[in-house]
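Peer 1: Here you go, sequence then predicted model.
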Amino acid sequence: MVDFHSHLDLHVNPKAVVTECEARKLRVLSVTTTPQAWHGTQSLVQDDSLIYTALGIHPQLASNSKLELDIFRELLPKTKFVGEIGIDGSKELKSSITQQIHMFQSILSACEKQGGRILSIHCRNAATIVLEELETTVKNSVPILHWFSGNFSELERAISLDCWFSVGPPMFYSTKGMQLIRRMPTNRILTETDSPFVQLKGKLLMPWDLKNHHQQLGNLLGIDSLESGRLVEDNCDRLIQQIC
Ligand code: MN
């Protein structure tokens, strides 16, 4: 099982969630929303863990990002994984869009300077802006668009820019999400929960719950649940080999 965008550090009991993920041998991209959380989040996992701790700055921090960016640059040599980063064009964050773009550009340039990173990218209501920045700056990094909700032409553009996609249960059961997933290249799909921020039928979606949704993902891709689980595992292996 693969949960390639999860906020393990924001659960009520992060250590218990990490222990459960490790016991079940889950592959997790444990994203952070501020670089100041990276050390503490990284220290939750064992040395041989399949949990990768990503260094992130959430777009909502853009209006006051100088200190965050300094810490980000200092820690970047320590990890191959970056996220959550990106741009949010929704109503609540639109006022900081210029600062968000500058911060995103700084992050992408820093990653390129280090030879490239695996990037988990937030692009709500901002797919076109995000793709423009990726097109201009990214050569060595591998962008993964988390919970992509753009339109079909933005999806086509993302595919042509070699983006990957991490998709989760909320997309498996929405008409738009299903249409997008059917158009994604199957060899660039990963699964995610965005835990602890997603509830399904009134219950918090946990990383290990993904197993219960392999069938639905398989239906969308025209394969069975075992194959869809294996597909995502294989994709994850290939992705990690690309950068590590
Ligand atoms: Mn997230």
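Peer 2: Structure received.
Peer 1: From here on, just use CA atoms for contacts and neighbour counts.
Peer 2: Will do.
Peer 1: For residue 232, which non-adjacent residue is closest in space?
Peer 2: Closest residue in space to residue 232, ignoring its immediate chain neighbours: residue 190 at 5.4 Å, by Cα to Cα, 6 or more residues apart in numbering.
Peer 1: should've said residue 220
Peer 2: Nearest to residue 220 is residue 182, by Cα to Cα, 6+ apart, at 5.9 Å.
Peer 1: Could you do residue 168 as well?
Peer 2: With Cα to Cα, 6+ apart, the residue lying closest to residue 168 is residue 192, at 4.9 Å.
Peer 1: so that neighbour sits right up against residue 3, yeah?
Peer 2: Yes - counting by Cα atoms under 8 Å, residue 192 sits close enough to residue 3 to count as a contact (4.2 Å).
Peer 1: What residues sit buried inside the top helix by length along the chain?
Peer 2: Selection of the longest helix in the chain by residue count, based on DSSP state H, yields helix 225-243. Going by neighbour count (16 or more other Cα atoms under 10 Å), the buried part of helix 225-243 is 225, 227, 228, 229, 231, 232, 233, 235, 236, 239.
Peer 1: from those residues, which is closest to residue 81?
Peer 2: residue 239 (11.3 Å; Cα to Cα).
Peer 1: any idea how far the closest one lies from residue 144?
Peer 2: Residue 239 sits 10 Å away from residue 144, taking Cα to Cα, to the nearest Å as the criterion.
Peer 1: repeat for residue 160
Peer 2: According to Cα to Cα, residue 160 and residue 144 sit 13 Å apart.
Peer 1: the more surrounded of those two?
Peer 2: Shown here are residue 160 and residue 144; by other Cα atoms under 10 Å, residue 144 has more neighbours (24 against 10).
Peer 1: Find the nearest non-adjacent residue to residue 181, please.
Peer 2: residue 220 (7.1 Å).
Peer 1: model confidence over the one helix or strand the one you found maps to, on average?
Peer 2: Assigned by DSSP states H and E, residue 220 belongs to helix 214-221. The predicted model assigns helix 214-221 a mean pLDDT of 96.
Peer 1: likewise stretch 28-47?
Peer 2: 97.
Peer 1: List the buried residues of it.
Peer 2: By neighbour count with 16+ other Cα under 10 Å, stretch 28-47 contains the buried residues 28-38, 41-42, 44-45.
Peer 1: Off-centre distance for stretch 192-201?
Peer 2: In terms of Cα atoms, centre = their mean, to the nearest Å, the centre of stretch 192-201 is set 13 Å apart from its chain centre.
Peer 1: That stretch: which residues count as buried?
Peer 2: Of the residues in stretch 192-201, those buried (16+ other Cα under 10 Å) are 192, 193, 194, 195, 196, 198.
Peer 1: then the longest helix of the chain to CSV, C-alphas only?
Peer 2: Extracted as CSV, the C-alpha positions of helix 225-243 are listed here (Å, rounded to 0.1, in the frame of the first residue of the first chain):
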residue,chain,number,x,y,z
SER,A,225,-8.1,-4.6,-7.0
LEU,A,226,-5.0,-6.8,-6.7
GLU,A,227,-3.6,-5.4,-9.9
SER,A,228,-4.3,-1.8,-8.9
GLY,A,229,-2.5,-2.3,-5.6
ARG,A,230,0.5,-3.8,-7.4
LEU,A,231,0.4,-1.1,-10.1
VAL,A,232,0.7,1.7,-7.5
GLU,A,233,3.5,-0.2,-5.6
ASP,A,234,5.4,-0.6,-8.9
ASN,A,235,5.0,3.0,-9.7
CYS,A,236,6.2,4.0,-6.3
ASP,A,237,9.3,1.8,-6.7
ARG,A,238,10.1,3.3,-10.1
LEU,A,239,9.7,6.8,-8.8
ILE,A,240,12.0,6.3,-5.8
GLN,A,241,14.6,4.7,-8.0
GLN,A,242,14.5,7.7,-10.3
ILE,A,243,15.7,10.1,-7.7
